[in-house]
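S.K.: Provide a 3D model corresponding to the input given below.
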Amino acid sequence: TVRGKSILGALRALRAGLTEVIPGELLTTFTPLELERLACGMPDIDVAAWRGATSHEGRGAHEDVLTRHATWLWDAVEALEPAERKHLLHF
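M.R.: Residues are numbered from 1 along each chain as shown. As a prediction, the model looks like this:
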């Protein structure tokens, strides 16, 4: 109970919703932190890892311009707040 009210109904509804996405037998394999990360994502995005997993290709005379633009992009990403990075990555 929370403040004298049962939350059993809310918990049942939450479990029903989760089992729509994740089979019930798999739910017990996750820790609470793992479930939170599945639902909400990482609290902060590792920009170095993100950058390392990203590639761009320049062609001919435009390669230097593309490289410069990519550098500007990553500088801007690093300057973002964590919530803004999440939105950008989601986009």
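S.K.: return the helix or strand in this structure with minimum mean pLDDT.
M.R.: helix 32-40 (a mean of 83; mean pLDDT, DSSP states H and E).
S.K.: for I7, see how far away L38 is.
M.R.: According to Cβ to Cβ, to the nearest Å, L38 and I7 sit 21 Å apart. C-beta: built from backbone N, CA, C; applies to glycine.
S.K.: do T54 as well
M.R.: Counting by Cβ to Cβ, the gap from T54 to I7 is 43 Å.
S.K.: enumerate the positions of the least confident helix or strand of the chain that are buried.
M.R.: Residues of helix 32-40 include none that count as buried (16 or more other Cβ atoms under 10 Å).
S.K.: contacting residues around the residue nearest to the spatial centre of the chain?
M.R.: Centroid-nearest residue in the chain, with Cα atoms, centre = their mean: G41, separated by 3.5 Å. G41 sits next to K86 when contact means Cβ atoms under 8 Å, 6 or more residues apart in numbering.
S.K.: please list all residues in contact with A70.
M.R.: When contacts are counted by Cβ under 8 Å, 6+ apart, A70 touches H56.
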